[in-house]
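In: Got a sequence here, can you model it:
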Amino acid sequence: VELFRFTYPSQALPASLYLPWAISNYNTQRNRHKCLQIADELRQSGRFDLFLEAIAGKAAAKTGNHELANQILQVAEEKINNQSSIINSQSIAWFYCFVSPDAENALDWANKAYSSEPNSATAATILAYSLVMNGQTDWAKPLIDNYERNQIADLALAQIQLQEGQQSSAIETLKSAIARDPGSLAAERAKEILAQHGGNYIPPIDPGIILNELRNSFGQALVPAFIRPQNLISVQLNVRGSEFSYGSKFGGTVAITNNSPEPLVISDDGLF
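Out: All right, here's what the predicted structure looks like:
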């Protein structure tokens, strides 16, 4: 993020950077407050992102600030009601499925999204999930079966399996849904349902073990903090003497001092 801002100072931070940044912070207990900072920064720039507002609202609730959480989500819903033309129908349907659950609104917007994008697997599976929310499982099944399976499809299928008494199959389907993207809000919902039915998701790879190995190999800071070039190094030209004859040659050396705690590699192609 800091590198992007330094390299492109006149450009707004793209969603491809701020959304993963926000969801990563959401999934850590200590950094959830940063989700609020990221959302506030985007608002101050005059932009609105429903996904980011959803993460910020959920993060506020996780930190115990339910008043702020309600405020954030209420403002988001006002945007949906008053400026729906600037928000993707699929995004609104997702919001009512996983952020501020509302079966009627979820189905309404999911139908609109699917009508405009009938070939979209995401639109189809969000519609399937909203149908499950409304108890219309017979209509949901064909949508799950006829499109490429994704996390939301697995989550919808698991709830159908639970309604049909297939608990063991549902638990496996829920685990499969979570594994597709463990940090998403859909995965969070899958974990809640799994816990309600006595299941527990154990990641196939323990991130704690990997983190310890990385720390042992690379130190505490796995990714070095971004340092602006003017703070990273200092450069000085050293020459012998202070007076030179016109046209004469003189020798000198360039001294480059590394001011950062990280190693500085100097090659023919540049500094790294």
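In: mind listing the helices in the stretch 151-272 of the chain by residue range?
Out: Along the stretch 151-272 of the chain, counting by DSSP state H, counting those that start in this stretch, helices occupy 151-163, 167-180, 185-196, 207-218, 229-232.
In: Domain map for the protein?
Out: 1-87, 88-222, 229-271 (automatic domain parsing).
In: excluding its backbone neighbours, what's nearest residue 53?
Out: Nearest residue to residue 53 in three dimensions, chain neighbours excluded: residue 76, at 4.4 Å (Cβ to Cβ, 6 or more residues apart in numbering). Where C-beta positions appear, they are placed from N, C-alpha and C, glycine not excepted.
In: and the residue nearest to residue 134 when sequence neighbours are not counted, what does it touch?
Out: Once flanking residues are discounted, residue 134 sits nearest to residue 103: 4.9 Å by Cβ to Cβ, 6+ apart. Applying Cβ atoms under 8 Å, 6 or more residues apart in numbering, we find residue 103 in contact with 96, 130, 133-134.
In: and what of residue 126?
Out: Contact analysis of residue 126 by Cβ under 8 Å, 6+ apart lists 90, 93-94, 97, 110, 113-114, 152.
In: Residue 192 now?
Out: Per Cβ under 8 Å, 6+ apart, neighbours of residue 192: none.
In: Dump stretch 69-80 to PDB, restricted to CA.
Out: What follows is stretch 69-80, C-alpha atoms only, in PDB (Å, rounded to 0.1, in the frame of the first residue of the first chain):
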ATOM      1  CA  ALA A  69     -21.300  -1.000  13.800                       C
ATOM      2  CA  ASN A  70     -25.000  -0.300  13.500                       C
ATOM      3  CA  GLN A  71     -24.200   3.300  12.400                       C
ATOM      4  CA  ILE A  72     -21.900   2.100   9.600                       C
ATOM      5  CA  LEU A  73     -24.300  -0.600   8.300                       C
ATOM      6  CA  GLN A  74     -27.300   1.800   8.500                       C
ATOM      7  CA  VAL A  75     -25.400   4.400   6.400                       C
ATOM      8  CA  ALA A  76     -24.600   1.600   3.900                       C
ATOM      9  CA  GLU A  77     -28.300   0.600   3.700                       C
ATOM     10  CA  GLU A  78     -29.200   4.300   3.100                       C
ATOM     11  CA  LYS A  79     -26.800   4.300   0.200                       C
ATOM     12  CA  ILE A  80     -28.400   1.100  -1.100                       C
END
